[in-house]
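**Q** Build me a model from this:
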Amino acid sequence: MHNNHTQNIQLWEYGFRHGLTFAQIIHRMEHNLQKATLAALNEQEKRYLEYTRLNFQRIRKWQKIYRPEPSVRNIFRAISETILFLVISEDWCGDAAQVVPCLHQLVAENSRLHLRFLDRDTHPQIMNCFLTEGKRSIPVIIGVHPDGSVLFRWGPRPKPAETLYQQARSQQLPQQVILHRLHTWYARDHCRTAESEWAELLSMALFKDSNPANG
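**A** Residues are numbered from 1 along each chain as shown. You can find the predicted model right below:
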């Protein structure tokens, strides 16, 4: 367990005080999609609304079809400490929609685990403590101990997806081509890479020499 760098912000208390639950995120997305009036939106707002619509569909899809690997489920079930999974994201974030429904299902396996969401642009003082190479990339998933220390951080996407994304950018491909390749990768991966990365981070932070997957 290592100390966080949040400049005396107590992440545990902050996450529960200001964070939204997964159900609240879904409700907000649904509400905003239903009430949106396109004529009243500028071009950026229209794009973000369309991203949100796509993400809502992605989340619903993963809620229906995602089934954790048994070894990963065992690791989440074996956790005896209380942990807050704090997700920094936005409703329009496509990478978040591809992984957070799976994380929600895994967290639900153990009553000691909690999941909360902070909007990146509403909580810049938190986001700025978890930059990726100086950028406010999302999603970021932070494992927080009740004493406020950070157990691990993950994001903004699984390692192979990040490699794919950076290679495509280096080739100066159009953004729509990059996004198509990225989301095709997510569809084929079925969250297997993300769940294994989370399990590895948890194992390193909590289990050390033991191996709950074989327990």
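
**Q** Now residue 116: phi and psi?
**A** Dihedral pair for residue 116: phi -140, psi 150, per degrees, to the nearest 10.

**Q** What of the one 3 residues further on?
**A** Backbone geometry at residue 119, expressed as degrees, to the nearest 10, gives phi -70, psi 130.

**Q** Distance of it relative to residue 14?
**A** 13 Å (CB to CB, to the nearest Å). Every residue, glycine included, has its C-beta placed from N, CA and C.

**Q** Equivalent analysis for residue 92, please.
**A** Distance, residue 92 to residue 14, by CB to CB: 23 Å.

**Q** helix, strand or coil for the residue lying farthest from the centre of the chain?
**A** The centre of the chain is farthest from one residue, residue 39, which by CA atoms, centre = their mean lies 31.6 Å away. Three-state call for residue 39 (DSSP: H, G, I helix; E, B strand; the rest coil): helix.

**Q** longest single helix anywhere in the protein?
**A** For the chain, the helix with the greatest residue count under DSSP state H is helix 43-65.

**Q** helices and strands around that one, which ones?
**A** Other elements packing on helix 43-65 under the criterion 3 or more CB pairs under 8 Å, 6 or more residues apart in numbering; DSSP states H and E are helix 22-35, helix 94-107.

**Q** Can you show me the strands along the protein?
**A** Secondary structure of the chain (DSSP state E): strands at 83-89, 113-119, 140-144, 150-154.

**Q** want to throw the ones you listed into CSV with mean pLDDT and mean neighbour count?
**A** Below are the strands of the chain laid out as CSV (pLDDT from 0 to 100; neighbours: other CB atoms under 10 Å):
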stretch, mean pLDDT, mean neighbour count
strand 83-89, 98, 25
strand 113-119, 98, 21
strand 140-144, 97, 24
strand 150-154, 96, 20
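
**Q** of those strands, which approaches residue 180 most closely?
**A** Nearest of the strands of the chain to residue 180, taken as CB to CB: strand 83-89 at 21.2 Å.

**Q** follow-up on the earlier one: and the residue farthest from the centre of the chain, how far from residue 53?
**A** Counting by CB to CB, the separation of residue 39 from residue 53 is 17 Å.

**Q** Same question for residue 78.
**A** 38 Å.

**Q** same deal with residue 84?
**A** Distance from residue 84 to residue 53, counting by CB to CB: 29 Å.

**Q** Kindly report the same for residue 114.
**A** Distance, residue 114 to residue 53, using CB to CB: 28 Å.

**Q** what do you get for residue 42?
**A** In terms of CB to CB, residue 42 sits 17 Å off from residue 53.

**Q** And for residue 16?
**A** 30 Å.

**Q** For stretch 68-80, buried residues please.
**A** Neighbour counts over stretch 68-80 (16 or more other CB atoms under 10 Å) mark 68, 69, 72, 73, 74, 75, 76, 78, 79 as buried.

**Q** Then stretch 93-112?
**A** Buried positions in stretch 93-112, judged by neighbour count with 16+ other CB under 10 Å: 93-107, 109-110.

**Q** possible to save the strands of the chain as JSON lines with distance to residue 125?
**A** Formatted as JSON lines, those follow (distance: least, CB to CB, whole Å):
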{"stretch": "strand 83-89", "distance to residue 125": "11"}
{"stretch": "strand 113-119", "distance to residue 125": "10"}
{"stretch": "strand 140-144", "distance to residue 125": "14"}
{"stretch": "strand 150-154", "distance to residue 125": "15"}
